[in-house]
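Visitor: this one's sequence-less:
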């Protein structure tokens, strides 16, 4: 059993090493890629920068994985995760130039311009040279809440002050996650210490949410806070859940995926309150009567007439929150039409995009656009199916599945997207943790310090590999389904057997 102190300080050493990499070669102003695989092998960056990045990333990932097997308290996990975030607060953004796009969108908002009307090449920005060329002509694809907060950050008038404000916004999102995790963990029957460790100590948090200042931190924070309120189910829970989820959608529209599952959590809470009490001691339980009461409770709270009132309150809270923040921002509903601009990036790390790229390699022109549309259609069908199955199962777990499906089938995948389902699945999955740990560990290592995505170095190879992997998975699942039909079992997951 590894010692907790070794895990804590190995991860802290990794964070310090990444802070050094950020200082030497993080995302700079103006935009100027400083480190790519070519420059590393050519020796143009010296030795210290790539070694600091590699050592820091490896130490953080290793400490996170080993820490799963350490006997720990929730308090120890909170403190350790905070220590790992601390060194990266004062240095250049790591892994992405998106913080500069946020800064310019905030400046446009604070200057009375409409960030949904065009990019920095049209509307201007004093820090436009720091924005990655891919996004200079793209309007803001984010909701009005984030624009208002970024506008407040930009009121400092300096790029340094604006970046500091954006990091404070990210920290607020992480704080919301930290507060909500114990509620979700107790609902899922998972140790709080393990959930806190899996989520907050995940390398994606210090690298992308804190150093990169990605607004995903705020979206996920508001989203899990809304789910936590639905789980607790106290008075006016439906309204508060709707407001929190509406605010999450007003950061990034992705959060809308969990709304139907939040409704099921609210209804399930009411059903449990109305269901039969379990009688202990020597007194026998009338199972038939209990079954009838449960059936009546199900009929009352899950029938067609069952959920109209909490559903109306939930949706009303969402509409109220989004309408209010849209009014405050002064941009109306322009953010809805601006969402299409986020699909400019074409990378094989998105499953539908990888399939389209593979088809284009064999001569199918325009296949990426088609496979992306197919991916969205499949996602829509899958989300409906997941919601329907969640009626009889754990709605919180299926909310995590829905977020994971959204990440897998979205037209674009960036490494920090892997964090979206983590907070929910970590609080509900008791076994098979490798399905959480491995993708997040790989995603944490994908970006070089200044934002170069290593996936770009193997575009064709990666697309083919992803397509082959999908084909293999489909065959494997088909065989597993056939084996289940025949009564065969599955081999246990190795990581889950050692999990505590």
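Guide: Good, I have the coordinates. In this text, all values refer to a predicted model and were calculated from it rather than measured experimentally.

Visitor: Going by C-alpha atoms from here, please, whenever you check contacts or count neighbours.
Guide: Fine.

Visitor: ok, the residue most central in space within the chain to residue 402 distance?
Guide: Geometric centre of the chain, nearest residue: residue 420, 1.6 Å, by C-alpha atoms, centre = their mean. Look at residue 420 and residue 402: by C-alpha to C-alpha, to the nearest Å, they are 10 Å apart.

Visitor: Are there residues contacting both of these two? Which ones?
Guide: Residues touching both residue 420 and residue 402 (C-alpha atoms under 8 Å, 6 or more residues apart in numbering): none.

Visitor: hang on, the residue nearest to the centre of the chain packs against residue 403?
Guide: Yes. The pair residue 420 / residue 403 is scored as a contact, 6.5 Å apart, by C-alpha atoms under 8 Å.

Visitor: Contacts only, for residue 37.
Guide: 454, 457.

Visitor: now do 7 Å
Guide: Not one residue lies near residue 37 by C-alpha atoms under 7 Å, 6 or more residues apart in numbering.

Visitor: so what pLDDT did residue 366 get?
Guide: For residue 366, the pLDDT comes out at 88.

Visitor: Surely residue 243 is within a strand?
Guide: No. Using DSSP: H, G, I helix; E, B strand; the rest coil, the assignment for residue 243 is helix, not a strand.

Visitor: so it makes contact with residue 317?
Guide: Yes. Shown here, residue 243 and residue 317 form a contact pair, counting by C-alpha atoms under 7 Å, at 4.6 Å.

Visitor: how about low-confidence regions in the stretch 201-350 of the chain?
Guide: For the stretch 201-350 of the chain, the stretches flagged by pLDDT under 70 are 269-307, 337-344.

Visitor: Which stretches in it count as helices?
Guide: In the stretch 201-350 of the chain, helices defined by DSSP state H, counting those that start in this stretch lie at 204, 216-232, 237-249, 259-274, 287-302, 308-329, 334-337, listed in chain order.

Visitor: Same question for the stretch 401-500 of the chain.
Guide: Using DSSP H, counting those that start in this stretch, the helices of the stretch 401-500 of the chain run over 422-426, 434-444, 459-485, 494-497.

Visitor: which one of the ones you listed is the most hemmed in?
Guide: Mean neighbours per residue, mean count of other C-alpha atoms under 10 Å, is largest over the helices of the stretch 401-500 of the chain for helix 422-426, with a mean of 26.

Visitor: which secondary structure elements does that helix contact?
Guide: For helix 422-426, the packing partners by 3 or more C-alpha pairs under 7 Å, 6 or more residues apart in numbering; DSSP states H and E come out as helix 192-200, helix 395-409.

Visitor: just to revisit the earlier point, between the helices of the stretch 201-350 of the chain, which gets nearest to residue 86?
Guide: Closest to residue 86 of those, according to C-alpha to C-alpha: helix 204, at 14.0 Å.

Visitor: what residues does that closest one touch?
Guide: 416, 419, 440, 444.

Visitor: Can you classify residue 112 by secondary structure?
Guide: Going by three-state DSSP: residue 112 is coil.

Visitor: per-residue pLDDT, it?
Guide: In this prediction, residue 112 carries a pLDDT score of 93.

Visitor: Please give the number of neighbouring residues around it.
Guide: 12 (other C-alpha atoms under 10 Å).

Visitor: Backbone torsions only: list them for it.
Guide: Per-residue torsions, residue 112: phi 90, psi 10 (degrees, to the nearest 10).

Visitor: again, but for residue 420
Guide: phi -50, psi -50.

Visitor: I'd guessed it sits against residue 218; true?
Guide: No. Using C-alpha under 7 Å, residue 420 is not in contact with residue 218, being 10.9 Å away.

Visitor: Go ahead and report the secondary structure state at the closest residue to residue 366 other than its chain neighbours.
Guide: Nearest residue to residue 366, sequence neighbours excluded (C-alpha to C-alpha, 6 or more residues apart in numbering): residue 360, at 7.0 Å. Here residue 360 is recorded as helix under three-state DSSP.

Visitor: Distance from the chain centre to the longest helix anywhere in the chain, please.
Guide: In the chain, taking DSSP state H as the definition, the longest helix is helix 159-188. Centre-to-centre, helix 159-188 and its host chain are 12 Å apart (C-alpha atoms, centre = their mean, to the nearest Å).

Visitor: Can you name every helix or strand that that helix contacts?
Guide: By 3+ C-alpha pairs under 7 Å, 6+ apart, helix 159-188 packs against helix 98-110, helix 144-154, helix 192-200, helix 216-232.

Visitor: Quick check: residue 173 vs residue 363, distance?
Guide: Distance from residue 173 to residue 363, by C-alpha to C-alpha: 45 Å.

Visitor: swap that for residue 327, sorry
Guide: For residue 327 relative to residue 363 (C-alpha to C-alpha), the value is 48 Å.

Visitor: which of those two has more neighbours?
Guide: residue 327 (13 against 10).

Visitor: got a list of contacts for the helix or strand hosting residue 21?
Guide: Here residue 21 sits within helix 4-25, counting by DSSP states H and E. Defining contact as C-alpha under 7 Å, 6+ apart, one finds that helix 4-25 is touched by 34, 49, 52-53, 55-57, 59-60, 63, 67, 70, 80, 83-84, 87-88, 91-94, 449-450.

Visitor: Identify those among these that sit within helices.
Guide: If you go by DSSP H, these have 49, 52-53, 55-57, 59-60, 63, 67, 80, 83-84 in helices.

Visitor: Tell me, how many residues neighbour residue 253?
Guide: Number of residues near residue 253 (other C-alpha under 10 Å) recorded here: 19.

Visitor: From the chain's centroid, how far away is stretch 52-68?
Guide: Distance of stretch 52-68 from the chain centroid (C-alpha atoms, centre = their mean) equals 20 Å.

Visitor: List the buried residues of it.
Guide: Residues of stretch 52-68 classed as buried: 52-65, 67-68 (neighbour count, 16 or more other C-alpha atoms under 10 Å).

Visitor: again, but for stretch 24-35
Guide: By neighbour count on 16+ other C-alpha under 10 Å, the buried set for stretch 24-35 is 24-28, 31, 33-35.

Visitor: gap between residue 151 and residue 117?
Guide: For residue 151, the distance to residue 117 - C-alpha to C-alpha - is 16 Å.

Visitor: So those two - more neighbours on which side?
Guide: Set residue 151 next to residue 117 and count neighbours by other C-alpha under 10 Å: residue 151 wins out with 26 against 16.

Visitor: And the residue nearest to that one when sequence neighbours are not counted, how close does it get to residue 116?
Guide: In space, residue 151 comes closest to residue 106 once its chain neighbours are excluded; the distance is 3.9 Å by C-alpha to C-alpha, 6+ apart. From residue 106 across to residue 116, the span is 12 Å (C-alpha to C-alpha).

Visitor: repeat for residue 248
Guide: According to C-alpha to C-alpha, residue 248 stands 18 Å off from residue 116.

Visitor: Please identify which of the two sits among more neighbours.
Guide: residue 248 (30 against 26).

Visitor: so that one touches residue 216, yeah?
Guide: No. With contact defined as C-alpha under 7 Å, residue 248 does not reach residue 216; the gap is 9.5 Å.

Visitor: residue contacts, residue 103?
Guide: Taking C-alpha under 7 Å, 6+ apart as the test, what residue 103 contacts is 150, 154, 162-163.

Visitor: Any chance of these in TSV with distance to residue 393 as columns?
Guide: Listed next are those as TSV, based on distance: C-alpha to C-alpha, whole Å:
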residue	distance to residue 393
150	39
154	45
162	45
163	43
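
Visitor: can you redo these as a markdown table with neighbour count?
Guide: Formatted as a markdown table, these follow (neighbours: other C-alpha atoms under 10 Å):
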| residue | neighbour count |
| --- | --- |
| 150 | 26 |
| 154 | 28 |
| 162 | 25 |
| 163 | 25 |
